[in-house]
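Q: only the shape, not the letters, is given here:
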């Protein structure tokens, strides 16, 4: 009589043990997948918003640093532009000779001191930060999102022009009050104006700093005063 050996249990098929009570084996449901996709979408939106913010911040910061470094020359430029304001040529003494900028710079510091080179610095930095931050940041943001490209990836000239113009308009609207204040502060000089019988360097405003200028303009004419142009030009109020 032939005996057959039993199957070797160590080499036979292994059975997966059933899950223990209270810990049933589950598969992810469709709602869990949807929740995961929503979390990924929210994270992507946050990343894009941070990236947009830093685009504006980088464009504005670089322009603000440039404005701070060149502020003395901006003061001199404004003084040259407004000297003899509303006076016929030859009726006033030309303090700042446009053909000799270094001599004009020495004349400026001799009349008003070295602190005059920093006149309107805060307003100038804010103006350049807002103007160029919005303009450059908005263009970069829309370009990255593919809103100024054709379907084949080529840049659309028309869309690029529209976006550039839109960025410039928005930046100008936000920054214009700071430009107005900057010019008024930069023209303030001890040399006075024609009304005082002194060397004419432009219409004189009493503002001593940016905050005081904004308070004076807003209290006198409200928000409209921050965007004034008037018949006498942007340097007078």
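A: Good, I have the coordinates. For clarity, every value in this text was computed on a predicted model and none was experimentally measured. Numbers count the residues shown, from 1 in each chain.
Q: show the pLDDT at residue 13.
A: With respect to pLDDT, residue 13 has a value of 54.
Q: all helices for the protein, in order.
A: Under the criterion DSSP state H, helices of the chain are mapped to 30-82, 101-112, 121-144, 157-186, 210-221.
Q: rounded mean pLDDT for the longest one, please.
A: When the per-residue pLDDT values of helix 30-82 are averaged, the result is 75.
Q: before we move on, the earlier item: any chance of the helices of the chain in CSV, plus distance to residue 227?
A: C-beta here means a position set from N, CA and C on the backbone, and glycine is covered the same way. Converted to CSV, the helices of the chain look like this (distance: least, CB to CB, whole Å):
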stretch, distance to residue 227
helix 30-82, 19
helix 101-112, 28
helix 121-144, 13
helix 157-186, 6
helix 210-221, 10
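Q: can I get those helices in CSV with distance to residue 228 and mean neighbour count?
A: Converted to CSV, the helices of the chain look like this (distance: least, CB to CB, whole Å; neighbours: other CB atoms under 10 Å):
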stretch, distance to residue 228, mean neighbour count
helix 30-82, 16, 15
helix 101-112, 25, 15
helix 121-144, 15, 22
helix 157-186, 7, 18
helix 210-221, 7, 16
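Q: closest one to residue 151 among the ones you listed?
A: With CB to CB as the criterion, residue 151 lies closest to helix 157-186 of the helices of the chain, at 12.3 Å.
Q: which strands or helices does the closest one pack on?
A: helix 30-82, helix 121-144, helix 210-221 (3 or more CB pairs under 8 Å, 6 or more residues apart in numbering; DSSP states H and E).
Q: that helix versus helix 210-221: what angle between them?
A: 100 degrees (axes from the mean of the first three to the mean of the last three CA atoms, to 10 degrees).
Q: ok so, going back, in a markdown table: the helices and strands packed on helix 157-186, plus distance to residue 104.
A: Converted to a markdown table, the helices and strands packed on helix 157-186 look like this (distance: least, CB to CB, whole Å):
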| stretch | distance to residue 104 |
| --- | --- |
| helix 30-82 | 6 |
| helix 121-144 | 19 |
| helix 210-221 | 25 |
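Q: so which of the ones you listed gets nearest residue 106?
A: Using CB to CB, the nearest of the helices and strands packed on helix 157-186 to residue 106 is helix 30-82, at 10.4 Å.
Q: what does residue 83 show for phi and psi?
A: phi -60, psi 140 (degrees, to the nearest 10).
Q: actually residue 204, not the one I wrote
A: According to degrees, to the nearest 10, residue 204 has phi -100, psi 130.
Q: hmm, residue 189 and it touching each other?
A: Yes. With contact defined as CB atoms under 8 Å, residue 204 counts as touching residue 189 (7.2 Å).
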